[in-house]
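# give me a 3D structure for the following:
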Amino acid sequence: MTDTKLTEAEMRRALGLDSAPQKQPMPKPSSTFTLVELSVRKNGGSPFRFEHRSRSISTLAAQLEAEKAAREKGFEVWVVLNIRQVST
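Model prediction:
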């Protein structure tokens, strides 16, 4: 009969437990925003698309925020084209 005595270090190495624990990368938290698309124009010119990203989950609050941002840039809001929640 063979007498094989393994030390604790040898046993850990055999089981693959000798190295320091690997840190798992934390998953990136998903970002959610509301995308508001407006049709705007400047000084009665031809309308074009204006997109605004809002962190609000309320579509009404996001719409008001987008309209305010468009007016601050000197655009006249013509019509709301689309409001949707986007998750990345």
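# Leu60 in helix, strand or coil?
Classification of Leu60 using DSSP: H, G, I helix; E, B strand; the rest coil returns helix.
# next, count neighbours for it.
By the other C-beta atoms under 10 Å criterion, the neighbourhood of Leu60 contains 9 residues. Backbone N, C-alpha and C define where each C-beta goes, glycine included.
# do Ser31 as well
Neighbour tally, Ser31, other C-beta under 10 Å: 10.
# same check on the one 5 residues further on?
Using other C-beta under 10 Å, Val36 is surrounded by 25 other residues.
# how about Gly74?
Neighbour tally, Gly74, other C-beta under 10 Å: 9.
# name the nearest residue to Val36, ignoring sequence neighbours.
Ala66 (3.8 Å; C-beta to C-beta, 6 or more residues apart in numbering).
# which residues touch Ser58?
Applying C-beta atoms under 8 Å, 6 or more residues apart in numbering to Ser58 gives the contacts Thr34.
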